[in-house]
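In: model this:
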Amino acid sequence: MPDIARQRASGGFLGRADQMATHTTDATRRRFLTLGAAGLAVSLGTTGAAAAAEPTAAEKANMKVVSDFCAAFAGDDVDTIMGFFADPCSYRVTEARDPIKGFAAVKAQIGGLVKNAEHFEVLDTFARGPMVFNERIDYFTPAGSIPLKSWHGVGVFLLKDGKIVEWQDFTISTERG
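Out: Okay, the predicted model is just below:
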């Protein structure tokens with residue numbers, strides 16, 4: 001076996017094409033795992049609801065924080081909405097975007113969002129430890145940079161000490177205005 005082939009076979013040598021393939025595979029694997037975890041969370045919440053253990057007191061408290069947070073969008077008050085967040089915090093608007101990091105950056109994003117948000121309709125909520133998962137439909141008045149009438153998806157929230165540390169949304173469907 002030639003030296004290069006032997007090095008590749010033993011994992012000791014990666015050419016440029018092999019490095020690019022590995023990088024692409026890693027990125028694809030991360031995306032698959034992220035989407036798979038969200039799908040698993042949804043399926044556990046819907047198909048396993050009858051067999052699920054009763055939420056702990058801490059999980060119930062976290063679910064209330066997230067439910068109150070979602071209800072606050074109808075009030076159009078950015079400061080009230082931001083009162084649910086820890087500092088620092090992050091918000092990932094959709095699975096296709098990078099997270100927005102930092103309290104001020106999240107506040108700026110939500111400031112733009114709240115102008116068009118009518119209300120969030122929570123369809124289902126469950127918690128596991130510090131994580132809260134909710135399926136919801138967000139309703140908007142289509143205008144400007146947000147041409148949506150509705151967004152249907154799953155929100156994943158990480159809470160610490162009663163505050164939202166991370167919020168990630170995963171899209172199921174959208175209705176354009």
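
In: what is the strand or helix carrying residue 90 packed up against?
Out: If you go by DSSP states H and E, residue 90 is part of strand 85-92. Judged by 3 or more CB pairs under 8 Å, 6 or more residues apart in numbering; DSSP states H and E, the packing partners of strand 85-92 are strand 100-101, helix 103-114, strand 163-176. Heads up, the C-betas are built off the backbone N, CA and C, glycines and all.

In: any idea which of these gets closest to residue 64?
Out: Taking CB to CB, strand 163-176 is the member of the helices and strands packed on strand 85-92 nearest to residue 64, at 12.3 Å.

In: who does that closest one pair up with?
Out: In the sheet containing strand 163-176, its partner strands are strand 85-92 (parallel), strand 148-160 (antiparallel), by DSSP bridges.

In: buried ones in that strand?
Out: Neighbour-count burial for strand 163-176 flags 163-170 (criterion: 16 or more other CB atoms under 10 Å).

In: neighbouring contacts of it?
Out: 35, 38, 65-66, 69, 84-86, 88-96, 99, 135, 142, 147-159 (CB atoms under 8 Å, 6 or more residues apart in numbering).
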